[in-house]
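Peer 1: A structural model of the following input is requested.
(one chain, ligands or ions: 1)
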Amino acid sequence: MAGEGTVEAAGGPAVIAGWMDKHREMYRRATKHPFVLSIRGGTVDLSSFKRWLEQDYVFVRGFVPFVASVLLKASRESDDETDMETILGGMASLYEELSWFRTEAFKWGLPLVDIIPRRANQDYCGFLRSLEEPEVDYTTTMVALWAIETVYQESFSLCLEDGSKTPPELMETCQRWGNAGFRGYCDSLRRIAERRLEMAQAGIQKNAEAAFERVLELEVSFWDMSSGSSPL
Ligand SMILES: Cc1ncc(CN)c(N)n1
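Peer 2: Residues are numbered from 1 along each chain as shown. Take a look at the predicted model:
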């Protein structure tokens, strides 16, 4: 049974809606992590926030080549030429995002140089590099891109909801990923991923589902690392 806001494909429940249902506990852990809930509740430990900021800057630097690899695959493998524009729009925002990180870090007195990626970050960036390989199909990489962006969108939009007590100095961070424009971008990525999944063979659907699950695990570990609840 598809839930509220899910899309039904002509031949049955949409693939992504099915996964959301099947992996809902892991999805909840990735999108409603205690670290995010502490921002929303106004109790966040600022040293955790600073750790997240530094580590996420390193992550985004690793994310850019991954998105470039998805763009390359779209140009070669996509059945719809508008996919390229959607992905290119996301890449353009990443240029601006890197400069936002530098400005934000300056505000917090963080130099953003010689940051050593922590274990969870190394694992995540290693996973992204594995997806950049030419043998990995476009559909799987699109699913990963959609899931990575959507976890942030859902997480940070929680901190903007009525009744949240997000500290004013963290509002800009939450708006960066919680805003309606970014939500629209995530919806576009989902439509591309869903379209590709519906035309994909079972083997590709299986790889894509494994990538979706892996993204959720890595996001949870990334939040754990930020909040200091993982050892390294
Ligand atoms: C760990 C992580 N996941 C997702 C995003 C959103 N691009 C991010 N900046 N960092």
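Peer 1: use CA for all of it now, contacts and neighbours both
Peer 2: Fine.
Peer 1: Which strands and helices lie in contact with the helix ranked longest in the chain?
Peer 2: Ordering each helix of the chain by length in residues (DSSP state H) puts helix 46-77 first. Packing partners of helix 46-77 (3 or more CA pairs under 8 Å, 6 or more residues apart in numbering; DSSP states H and E): helix 82-107, helix 119-132, helix 138-158, helix 202-227.
Peer 1: Which of those has the highest mean neighbour count?
Peer 2: helix 138-158 (a mean of 23; mean count of other CA atoms under 10 Å).
Peer 1: what is the mean pLDDT for that helix?
Peer 2: In this model, helix 138-158 carries a mean pLDDT of 98.
Peer 1: Now do the next helix or strand after it and helix 138-158, the angle between them.
Peer 2: Proceeding C-terminally, helix 138-158 gives way to helix 171-178 as the next helix or strand, assigned by DSSP states H and E. Between helix 171-178 and helix 138-158, the angle comes out at 140 degrees (axes from the mean of the first three to the mean of the last three CA atoms, to 10 degrees).
Peer 1: Next one: stretch 96-107, is it in contact with the ligand?
Peer 2: No. Stretch 96-107 stays clear of the ligand (CA under 6 Å from any ligand atom), getting no nearer than 8.9 Å.
Peer 1: residue contacts, the residue nearest the centre of the chain?
Peer 2: Nearest to the mean C-alpha position of the chain, counting by CA atoms, centre = their mean, stands residue 148 at 2.1 Å. Remark: with contacts taken as CA atoms under 8 Å, 6 or more residues apart in numbering, residue 148 is in contact with 215, 219.
Peer 1: what about it, distance to residue 168?
Peer 2: Distance from residue 148 to residue 168, counting by CA to CA, to the nearest Å: 26 Å.
Peer 1: Low-confidence ranges, this structure, go.
Peer 2: By pLDDT under 70, the weakly predicted segments of the chain are 1-13, 231-232.
Peer 1: ok, which residues in it are in contact with the ligand?
Peer 2: 56, 60, 148, 149, 152, 219, 222.
Peer 1: looking at it, the last one is touching residue 122, isn't it?
Peer 2: No. Using CA atoms under 8 Å, residue 222 is not in contact with residue 122, being 9.9 Å away.
Peer 1: and residue 131, what does it touch?
Peer 2: 66, 141.
Peer 1: please renumber so the chain begins at 10
Peer 2: Yep, numbering from 10; the last one is residue 140 now.
Peer 1: roughly how far apart are it and residue 228?
Peer 2: For residue 140 relative to residue 228 (CA to CA), the value is 16 Å.
Peer 1: do the same with residue 68
Peer 2: 11 Å.
Peer 1: for residue 61, same thing?
Peer 2: 12 Å.
Peer 1: what does residue 235 give?
Peer 2: For residue 235, the distance to residue 228 - CA to CA - is 11 Å.
Peer 1: now residue 58
Peer 2: Where residue 228 is concerned, residue 58 sits at a distance of 15 Å (CA to CA).
Peer 1: list the contacts for residue 175?
Peer 2: So residue 175 contacts 48, 49, 50, 51, 168, 169 (CA under 8 Å, 6+ apart).
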